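Asks: Sequence and predicted model, in that order:
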Amino acid sequence: MPSEPNNMWKNYFKTTIRNLTRNKLLAFINIFGLSVAFACSILLYLNARRELSFDSFFKDKERVYEIYHYARTTAGDRITTNMAFPVVPTIQKEVGGVEQATRYMQGGSLVELDNKKLSAQISLVDEDFFKVFSFDIAYGNKLSPLSSAGDLVLSKFAAKKIFNREDVVGEKLKAEVSGVWNTYVVSAVTEDFPKTSSITYDVLIRIENHPDYEKGKNNWDNWNHFGFVKLAGNVSVDRFEEDLFRVQEKYDPSDTSYMKSRGFLADAKGRYKRLRIMPLMEIHTNDSSHLGNTVSKSTIYTILVISLVILLIATFNFVNLNIARAFTRVKEVGVRKSLGAQTQNVFAQIWGESFLISLFSVLIGLVLVSLSLPHFKRIFNAGLELKQIFSFTSLATVLLGLFFVSLLAGAYPALTIARINTANILRGKVSVKRSGGFRNSLIVTQFTIASVLILCTAIAFKQFEYLLTFPLGFTKENVVSIPVPDGERGKLLLERLRNKLAKDPAILNISGSSINVGIGKDGGVSKWSNGFDYKDKTIFSNWMTVDYDFIKTMGIQILKGRDFSRDFGAETNNVIVTESMAAQFGEKDMLGKSFILDSLRPPVTIVGIIPDIQLYSLHEKIEPMTMDVAMDGPAQIYYLLVRTGEGNPYTTMQKIEAAFKELVPGGEYQGSFLDENTQKLYNKEKKLSELLGIFSIVAIVLSCLGLFALAMLMIQQRVKEIGVRKVLGASVLNIHLLLTKQFLGLVVLSMLIAVPLAWYFMSEWLQRFPYKTSMDWWLFVLSGALSLFIALLTISYHTVRAALSNPVKSLRTE
């Protein structure tokens, strides 16, 4: 025979189901709203948790650090993670507490097997690489797979791609490192690394194989790779950084006069630059690292906050509707209490209903997550897997959310109703008005959150568009950029491509340069700078090598002087500079004047001055630029640039690709348009604005759903009042205004709170950009008007319907 408590809970369950089926619309709104909110919150939580878990799979991760250059400037902290060849070996030799160290450098993108070239990410590292980073080795030498300069290590993915099998230990493979081909022997094959690894590779080769290693191994000025150290367990980071400074000053002392002239500031100890270390676990969330696709902590925390507020909005809907509906059930509660039900029994009944609805919502939310996950991954480029939902931490978080929502949504109305005196209930002395203040505060909070999200979205999109349309000093449209694996052969390939496409009317100009614009398909972003003294001034400039017709191909205006031209000979000692570069000399007109870069070189003459151009991200201020044509010997052309006509761009791209593959048999074509490359520089802003946009829509829809249901309940409770007013002569408009003014007043109040909050948040966010959009007043007015219109549209269905209703029907029972 079932026990009495079991019968009680069974009765509660039946009552809950009965109430849900009796109020289908309200049940749908509650369950739909909570399901969508749970699904959104779970997706955002999983995304944030993934970003925070980068590199957590490494053993001894808490003892691994990345080395970086640090300096203070008038514009803020300057952090550079690129190192010179001798830095890591010197630290390993002369600084105590280093257990192992390794360099990590991108070395190439092509391998060759049986005369067939294949693309692969070639990374150059040191022998201790696997002692610093604990990647698992599946086949081959597990103790020291890179003990010899001729050793090569593959990932399983690369082994299958190249050899069509995994165990390829002992096989020979040709690889191109910075334009030089060599044959290596596969010494090991590793397990594929997790997608949450900042360190990635297909092929690993010793860094000594870099063609410039011998001449650069003692040069502290050529920064081209990353450096990592693994410290002993008892090493103090502060003390270690002091030792790093000592070594740096020994081999690469600060040029204080130059650094002062460039706006660098000394710290409390008079140091203008320092080598410091960054914990491995912080690399992915530090924008200064430049290792992989970093995500700032502020973005991750923003994602977590959005996930929380989406859930809060749906929960507030649930609370408001529960409060409003609970007071319509006072007679039911009175009868239960008169039949002997205790306060805790009534509380359990009402809270149990909330828990059951929350449980249904979580289950439906999990189904929505599984259905929407592929689309979420595609839109936000998020590497999420369905199995992540079922990890202990994720499930615990979901259960905690379930408990929180059910408690918040059910506890207050349940406790309020359960504590009402039975006699007052049966005498009809209980009014819904007693909950008005709390209910209204929840509505204001909901619409404040939704309005802040809408305003933040509008400003984020405006900033993203501002960055995309900012004048860069050149015309980025209709220009194709093609990476060349071997810069020394780039000039020859450029001339051959010119000749091949010379008669094609769709091709307007062809040139080349040593650096790319934006981020192309090869992912390469490089910058080379130079400083020198001119009279009593220190001059600084970024530097790039270009080919003839570069100015025409890029659509750059010449302000003074001329373009590089074959009519003037080799032009090896001539340069074109930007306005800001010319201004540094402090003279009225620098055209035709010369300066000395190096005592070993002949003077350099300025033959042209162009406007300032920005080839890099607008996260950085535009800096002076100098262009030469192969000043130091043969031109280093790493990118071919092709300007096309206004015809079909994809047809033209196919022609360029066919010509390239004919000139480079077996080579990988990675051509891309410059406007696409520059857009990639702002992928983080694009991702954030899209994320805010989608979830601000979710927030406003959820808020309006709650307002829709609440308006319905409130009007139902005022049916007789409306009937009396109509009998006494109130018009449809009077009734409509009476019913809407309270709700619209709350929306206006929420906007008054949201505007300063959004202004503050976005002002802080915009401070990270040297070039930023304005937050125009009309943007806030338009967002407020939009919120009011949506709210009015939401409640008008019920208010107009109530105003048009026949008063006889509502009063005939009186």
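Replies: Received, thanks.
Asks: all helices for the stretch 351-500 of the chain, in order.
Replies: Remark: helices assigned in the stretch 351-500 of the chain by DSSP state H, counting those that start in this stretch are 392-418, 422-427, 436-469, 490-501.
Asks: Let me have these in CSV, extended by distance to E685, mean pLDDT and mean neighbour count.
Replies: In this view, the C-beta of every residue, glycine as well, is placed from N, C-alpha and C. Listed next are the helices of the stretch 351-500 of the chain as CSV, based on distance: least, CB to CB, whole Å; pLDDT from 0 to 100; neighbours: other CB atoms under 10 Å:
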stretch, distance to E685, mean pLDDT, mean neighbour count
helix 392-418, 28, 78, 18
helix 422-427, 57, 56, 14
helix 436-469, 5, 86, 21
helix 490-501, 32, 89, 18
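Asks: In JSON lines: those helices, plus distance to L231.
Replies: Converted to JSON lines, these look like this (distance: least, CB to CB, whole Å):
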{"stretch": "helix 392-418", "distance to L231": "29"}
{"stretch": "helix 422-427", "distance to L231": "70"}
{"stretch": "helix 436-469", "distance to L231": "39"}
{"stretch": "helix 490-501", "distance to L231": "41"}
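Asks: quick one: which of those is nearest I207?
Replies: For I207, the closest of these is helix 490-501, at 23.2 Å, according to CB to CB.
Asks: Out of the helices of the stretch 351-500 of the chain, flag the one nearest T605.
Replies: Of all the helices of the stretch 351-500 of the chain, helix 490-501 comes closest under CB to CB, at 22.1 Å.
Asks: Against which helices or strands is the closest one packed?
Replies: Where contact means 3 or more CB pairs under 8 Å, 6 or more residues apart in numbering; DSSP states H and E, helix 490-501 is packed against strand 507-513, strand 639-644, helix 649-663.
Asks: gap between it and the chain center?
Replies: Between the mean C-alpha location of helix 490-501 and the chain-wide mean there is a distance of 38 Å, by CA atoms, centre = their mean, to the nearest Å.
Asks: related to what we said a few turns ago, any idea which of the helices of the stretch 351-500 of the chain gets closest to G671?
Replies: Taking CB to CB, helix 490-501 is the member of the helices of the stretch 351-500 of the chain nearest to G671, at 11.1 Å.
Asks: That closest one vs strand 507-513, what angle?
Replies: Orientation check (axes from the mean of the first three to the mean of the last three CA atoms, to 10 degrees): helix 490-501 against strand 507-513 gives 170 degrees.
Asks: Now do helix 490-501 against strand 639-644, angle only.
Replies: 20 degrees.
Asks: buried sites along stretch 277-284?
Replies: I277, M278, L280, M281, I283, H284 (16 or more other CB atoms under 10 Å).
Asks: And the strands in the stretch 201-350 of the chain?
Replies: Along the stretch 201-350 of the chain, counting by DSSP state E, counting those that start in this stretch, strands occupy 203-206, 223-231, 264-265, 274-279.
Asks: nearest to M775, of the helices of the stretch 351-500 of the chain?
Replies: Across the helices of the stretch 351-500 of the chain, closest to M775 is helix 436-469 (CB to CB), at 5.9 Å.
Asks: In this structure V180 contacts D212, no?
Replies: No. Counting by CB atoms under 8 Å, V180 stays clear of D212, with 9.7 Å between them.
Asks: Next, name the residue at the spatial heart of this structure.
Replies: Nearest residue to the geometric centre of the chain (CA atoms, centre = their mean): K684, 3.6 Å.
Asks: quick one: contacts for that residue?
Replies: With contact set as CB atoms under 8 Å, 6 or more residues apart in numbering, K684 has these partners: V295, S296, T299.
Asks: if we can go back for a sec, by mean pLDDT, show me the worst of the helices and strands packed on helix 490-501.
Replies: For the helices and strands packed on helix 490-501, mean pLDDT drops lowest on helix 649-663, to a mean of 89.
Asks: Pairing partners for the longest strand along the chain, with directions?
Replies: The longest strand of the chain (DSSP state E) is strand 98-113. In the sheet, strand 98-113 lines up against strand 116-125 (antiparallel), strand 172-177 (antiparallel), strand 223-231 (antiparallel) (DSSP bridges).
Asks: State the distance from the residue nearest to V664 when sequence neighbours are not counted to S391.
Replies: Leaving aside its chain neighbours, V664 sits nearest to L493 (6.9 Å; criterion: CB to CB, 6 or more residues apart in numbering). Computed as CB to CB, to the nearest Å, the L493 to S391 distance reads 50 Å.
Asks: now swap in D255 and tell me
Replies: 52 Å.
Asks: Please identify which of these two sits among more neighbours.
Replies: D255 (15 against 12; other CB atoms under 10 Å).
Asks: The residue nearest to N82 when sequence neighbours are not counted: neighbour count?
Replies: With sequence-adjacent residues excluded and distances taken as CB to CB, 6+ apart, N82 is closest to W223, at 3.7 Å. When neighbours are defined as other CB under 10 Å, W223 has 18 of them.
Asks: cool, F133 as well?
Replies: Neighbours of F133 (other CB under 10 Å): 25.
Asks: List the residues that contact it.
Replies: Here F133 is in contact with F58, V64, T102, I199, F228 (CB under 8 Å, 6+ apart).
Asks: which one among these gets closest to S370?
Replies: The closest of these, once distances to S370 are taken by CB to CB, is F58, at 30.0 Å.
Asks: Let me see the backbone angles for the closest one.
Replies: The phi/psi pair for F58 (degrees, to the nearest 10) reads phi -70, psi 140.
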